[in-house]
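In: I'll drop the sequence and a predicted model, then ask my questions.
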Amino acid sequence: MRTALIAALRHSSNGPLQAAPLRATLPLAGRSVLARQVDLLRAQGCERILCLCDRVDGEVLRVQAAVEASGGTFQALRGFLHLPAMVRADDELVILADGLVPDPAMVRDLFATGPQPPRFVACLPAESAMVSRHPDDFERIDATRHWAGLLAMRGAPVQRLADFLPDADAISVLLRLALQDGTPCRELPNENPGPESWLLATDADALAQQEHALIFRAAGAVDWLRPSLAAARMAARALGPRALGRGPLIALLTAAALLLGGVGASALGVPSIGLALAAGGVFGAALAGALAAMQRQLMGEGSSPNAWARLGWGVDIFAAIALLLSLSPVPWGEPLAALGPVTIGLARLVLRKSCFAPVAVLADRAVLLAALALAAAFDLLPLATALAALLLLGEMLLRRDRI
């Protein structure tokens with residue numbers, strides 16, 4: 001069994017020592033440091049989480065309930081006296097330092113390379129800036145290396161904890177026992193990581209500075225060839241953690257209302273307003289998707305990417321209906337209004353592969369609908385729709401990677 005050992009013992013540097021919150025309870029992008037540590041370790045196959053703490057209450061109980069609700073095992077321990085009885089000699093033990101939140105990609109690299117089951121003591125060079133800032137957290141191993149706060153060892157040395165006094169630092173002792181057992185030292189994939197990728201939650205101010213980097217990464221890259229998606233990701237970054245709870249649902253309901261309003265206005269013969277509302281609905285759906293992606297990355301919950309891909313089909317269907325009704329309001333009397341759904345379909349196909357930049361921008365459904373709304377305001381909607389369809393079709397026919 002692969003068991004993880006973490007701790008919720010050290011206080012942050014915010015205020016007097018005993019009044020300051022624990023590092024493990026500090027919030028980071030919508031979740032506590034402790035919850036993020038647990039998710040990180042469970043992602044590496046840890047079936048059981050052991051947490052050293054002084055009191056079993058508050059955030060420790062909340063994380064315990066969440067782990068047990070998802071089928072995992074979480075045990076809070078007041079002291080390490082029971083560890084030798086809980087970890088068998090043939091178990092694997094993974095230890096993560098109190099308050100440390102590493103980049104999941106770097107942790108995956110450490111577990112993926114080397115022997116299986118993994119055996120390593122992650123190390124930082126002695127000249128690392130992180131070692132200089134936090135010498136008490138990253139203990140010296142030898143003349144040139146310090147512990148980086150993560151290790152994977154055999155369970156057998158844990159039995160020797162019974163020889164130590166109850167007030168000893170269990171994690172520090174286990175680090176020494178792992179080294180004595182011959183656990184190899186391994187440099188981090190990035191030998192001198194920045195605070196955002198190997199984050200130590202010493203205080204709330206330090207977390208606030210790094211939270212922006214986490215949100216920036218979770219929102220995804222901004223590509224202005226997809227203006228609505230780029231704007232949605234920038235808006236998601238600006239909204240930050242406060243929008244992660246109900247933000248995706250609110251954005252999705254707003255998008256649905258705008259799309260329905262767009263279809264209704266188009267059916268009533270007001271195409272400029274109908275298409276403008278539909279464009280807003282497409283952007284709202286993109287914002288909901290960006291917030292949902294952040295929610296999955298930062299909080300480990302939310303709908304799957306496949307669900308949002310299916311949502312894209314629904315958004316395009318409503319956009320196509322809005323454009324159809326704009327070209328021929330109820331009752332339908334113009335067969336060429338079918339060009340509306342054809343144009344939306346061509347735009348969807350064009351964006352499946354790389355294409356000429358101006359056409360890619362036009363194929364963005366929010367941009368396309370906004371441009372057609374402007375054309376409708378000047379009574380040029382049929383002409384503009386035909387030109388857009390020809391441009392999109394021409395891009396598909398002329399590009400090298402034909403569909």
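Out: Alright, I've got the coordinates.
In: Mind pulling up the pLDDT for Ala243?
Out: Model confidence at Ala243, given as pLDDT, is 78.
In: how close does it get to Ala29?
Out: 11 Å (C-beta to C-beta, to the nearest Å). Every residue, glycine included, has its C-beta placed from N, CA and C.
In: same deal with Val107?
Out: 17 Å.
In: do the same with Ala290
Out: Relative to Ala29, Ala290 is positioned 15 Å away (C-beta to C-beta).
In: Neighbour count: those two, which is higher?
Out: Higher neighbour count among Ala290 and Ala29: Ala290, with 28 against 21, using other C-beta atoms under 10 Å.
In: Spell out the secondary structure type for Ile49.
Out: Following DSSP: H, G, I helix; E, B strand; the rest coil, the label given to Ile49 is strand.
In: my read: it touches Ala4, true?
Out: Yes - contact criterion C-beta atoms under 8 Å: Ile49 and Ala4 qualify, at 5.0 Å.
In: any common contacting residues for the two?
Out: Common contacts of Ile49 and Ala4 (C-beta atoms under 8 Å, 6 or more residues apart in numbering): 38, 41-42.
In: Mark which of those residues are part of strands, please.
Out: Using DSSP state E, no member of the shared contacts of Ile49 and Ala4 sits in strands.
In: now the residues you listed as JSON lines including neighbour count?
Out: Shown next, in JSON lines, are these (neighbours: other C-beta atoms under 10 Å):
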{"residue": "Val38", "neighbour count": "26"}
{"residue": "Leu41", "neighbour count": "24"}
{"residue": "Arg42", "neighbour count": "19"}
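In: Among those, which lie within helices?
Out: Within the shared contacts of Ile49 and Ala4, residues falling in helices by DSSP state H are 38, 41-42.
In: how about a markdown table for those, with pLDDT and distance to Ala236 added?
Out: Formatted as a markdown table, these follow (pLDDT from 0 to 100; distance: C-beta to C-beta, whole Å):
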| residue | pLDDT | distance to Ala236 |
| --- | --- | --- |
| Val38 | 94 | 25 |
| Leu41 | 94 | 27 |
| Arg42 | 93 | 26 |
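In: Reduced to three states, what does Val94 come out as?
Out: When classified by three-state DSSP, Val94 comes out as strand.
In: show me what contacts it?
Out: Counting by C-beta under 8 Å, 6+ apart, Val94 touches 2-5, 41, 44, 46, 150-152.
In: next one: Ala384
Out: Contacts of Ala384 by C-beta under 8 Å, 6+ apart are 371-372, 375-376.
In: My guess is Leu124 contacts Thr144. True?
Out: No - using C-beta under 8 Å, Leu124 is not in contact with Thr144, being 10.1 Å away.
In: what about the closest residue to Glu139 other than its chain neighbours, how many neighbours?
Out: Once flanking residues are discounted, Glu139 sits nearest to Trp147: 4.8 Å by C-beta to C-beta, 6 or more residues apart in numbering. Counted with other C-beta under 10 Å, residues neighbouring Trp147 total 25.
In: and the host helix or strand of Trp147 with strand 92-96, angle?
Out: Per DSSP states H and E: Trp147 is located in strand 145-154. Orientation check (axes from the mean of the first three to the mean of the last three C-alpha atoms, to 10 degrees): strand 145-154 against strand 92-96 gives 150 degrees.
In: tell me what the one helix or strand Gly281 maps to is packed against?
Out: For Gly281, the host element (DSSP H and E) is helix 271-299. If you count contacts as 3 or more C-beta pairs under 8 Å, 6 or more residues apart in numbering; DSSP states H and E, helix 271-299 packs onto helix 204-219, helix 227-239, helix 247-267, helix 305-327, helix 365-377.
In: picking that back up, can you tell me which of the ones in helices among the shared contacts of Ile49 and Ala4 is nearest Glu59?
Out: Checking those against Glu59 by C-beta to C-beta gives Val38 as the nearest, at 10.8 Å.
In: Quick check: the closest residue to Glu68 other than its chain neighbours vs Leu50, distance?
Out: Excluding the flanking residues, the one nearest Glu68 by C-beta to C-beta, 6+ apart is Phe74, at 6.1 Å. Noted for Phe74: a distance of 8 Å to Leu50, by C-beta to C-beta.
In: where in the chain is pLDDT low?
Out: In the predicted model, the chain carries pLDDT under 70 at residues 14-19, 190-192, 194-196, 300-305, 330-333, 354, 399-403.
In: What residue spans form the domains of it?
Out: Under automatic domain parsing, the residue ranges defining each domain of the chain are 2-210, 222-398.
In: winner for burial among those?
Out: Burial among the domains of the chain, expressed as mean neighbours by mean count of other C-beta atoms under 10 Å, is greatest for domain 222-398, which shows a mean of 19.
In: could you pull out the strands for the stretch 51-200 of the chain?
Out: Secondary structure of the stretch 51-200 of the chain (DSSP state E, counting those that start in this stretch): strands at 73-77, 92-96, 100-102, 120-125, 145-154, 185-187, 198-200.
In: about what we covered before: tell me what angle the strand holding Trp147 forms with strand 120-125.
Out: Going by the same axes, to 10 degrees, strand 145-154 is angled at 170 degrees with respect to strand 120-125.
In: other SSEs contacting strand 145-154?
Out: Helices and strands touching strand 145-154, by 3+ C-beta pairs under 8 Å, 6+ apart, are strand 92-96, strand 100-102, helix 104-112, strand 120-125, helix 170-180, strand 198-200.
In: Which one, of these, ends up nearest to Ala307?
Out: Of all these, the one in closest proximity to Ala307, counting by C-beta to C-beta, is helix 104-112 (22.3 Å).
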